[in-house]
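Undergrad: can't give you the sequence, but here's the structure:
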């Protein structure tokens, strides 16, 4: 599904909040495609999930900070970002950060992980692409069952 | 009205008690079981155990018929999402929320929260108010004398004027100290030799343009 190591049509500046397993995988894939990725996490240890080659080469820029706070987002150059992706472990923190990116910094594309279906439903008509485990797995399982 | 309060911390409980005393029907959503029990023991059965970001819990709290939902937890993200759920999922007429980090206040407005209480701003304003009105309170205007009023001055324990005689204070012109009330409660008319002590209260007549000067004379002793 995800195509790695293909040059991007145009390189985009992407800020990711959270550096858990899923977020690190997404950061690596986007970086492989030639995008410029900054990744925020409150805990420095989380950046151990990133390949050291990529961080040393500046292809992925780790930033210690809280992605719900403007000061931290600015450290990750949110004002120049084309895309913001909120991928922390907590729906409410993702929802807050996504709205800060969307409404305060006017980032053109904002994606937010929201696992709770009811909470997810709030944001899709507000200029935020809300994605979540429940919705994705439902889609995949239903597709598979109907094959 | 039916009002749903989110969070049974200090502020949530205070809000809940006030709403009950004002005759409203309330439900208080709280994740901590012990807090739920304490609240129910204190004010009657009003608690709903669970998270305010869980629609099943909000439904049990009657969010679908709520006139107001008030988010009082200590987490801005939880308060924001709870209010948005109340509005979008349940159609709550009015949402209110505490905001702890001032930079989120603007966003809460943009995100459709009807009123936000900026806790940092509120505390700051109270501190500023406390400092600027340091001890000087207007009691009444002096009739027939435009711009003159009778004021009450509380002398702080560390006042710059403490242990000093009235004659040493260089009071602004047109200011008269009329009455001194000591900490023990005795009242007397101050003379030039009266010694000011921390904890005293003064009743004085002064004019608007001399108020700041008068206040500074009796405020704490930082600028000596």
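TA: Happy to help now that I have it. Predicted model only: the values in this text are computed from it and were never measured. Residues are numbered from 1 along each chain as shown, chains lettered A, B, ... in the order given.

Undergrad: residues in chain A within reach of chain B, list them.
TA: Contact residues (C-beta under 8 Å from any C-beta of the partner chain) of chain A with chain B: A:68-70, A:90-93, A:95-96, A:99-100, A:103-104, A:116, A:118-119, A:121-122. In short, each C-beta sits where N, CA and C put it, glycine included.

Undergrad: Okay, and the beta partners of residue A:111?
TA: residue A:85, residue A:129 (DSSP bridges).

Undergrad: and the gap between it and residue B:182?
TA: If you measure residue A:111 against residue B:182 using C-beta to C-beta, to the nearest Å, the figure is 69 Å.

Undergrad: neighbour count winner among those two?
TA: residue A:111 (20 against 12; other C-beta atoms under 10 Å in any protein chain shown).

Undergrad: Neighbours of residue A:52, how many?
TA: When neighbours are defined as other C-beta under 10 Å, residue A:52 has 9 of them.

Undergrad: Tell me which residues touch the residue lying closest to residue A:44 once chain neighbours are set aside, please.
TA: In space, and not counting its chain neighbours, residue A:44 is closest to residue A:64: 5.4 Å by C-beta to C-beta, 6 or more residues apart in numbering or on different chains. Residue A:64 makes contacts with A:40, A:41, A:42, A:43, A:44, as judged by C-beta atoms under 8 Å, 6 or more residues apart in numbering or on different chains.

Undergrad: which of those residues lies closest to residue B:165?
TA: residue A:42 (59.3 Å; C-beta to C-beta).

Undergrad: count of neighbours near the closest one?
TA: The burial count for residue A:42: 17, using other C-beta under 10 Å.

Undergrad: Let me know the pLDDT of it.
TA: According to the prediction, residue A:42 has pLDDT 97.

Undergrad: try residue B:214
TA: On the pLDDT scale, residue B:214 gets 88.

Undergrad: What separation is there between it and residue B:159?
TA: Distance from residue B:214 to residue B:159, by C-beta to C-beta: 12 Å.

Undergrad: what are the ranges of the helices in chain B?
TA: Counting by DSSP state H, chain B has these helices, from start to end: B:10-21, B:33-43, B:55-60, B:76-88, B:105-110, B:119-132, B:211-218.

Undergrad: Quick check: which of the ones you listed is buried the most?
TA: helix B:76-88 (a mean of 25; mean count of other C-beta atoms under 10 Å in any protein chain shown).

Undergrad: got a list of contacts for it?
TA: Here helix B:76-88 makes contact (C-beta under 8 Å, 6+ apart) with A:68, A:90-93, A:95-96, A:99, A:118-119, A:121-122, B:4, B:6, B:51-53, B:55, B:58, B:63, B:66, B:69, B:71-73, B:92, B:95-101, B:104, B:107-108, B:111-113.

Undergrad: In contact with the spatially most central residue of chain A, which residues are there?
TA: Central residue of chain A (C-alpha atoms, centre = their mean): residue A:85, 2.6 Å from the mean position. Going by C-beta under 8 Å, 6+ apart, residue A:85 touches A:14, A:15, A:16, A:17, A:23, A:26, A:110, A:111, A:112.

Undergrad: do residue B:205 as well
TA: Residue B:205 sits in contact with B:142, B:148, B:149, B:150, B:151, B:175, B:176, B:178, where contact means C-beta under 8 Å, 6+ apart.

Undergrad: Quick check: closest non-adjacent residue to the first one.
TA: Distance criterion C-beta to C-beta, 6+ apart; nearest residue to residue B:142, sequence neighbours excluded, is residue B:148 at 4.2 Å.
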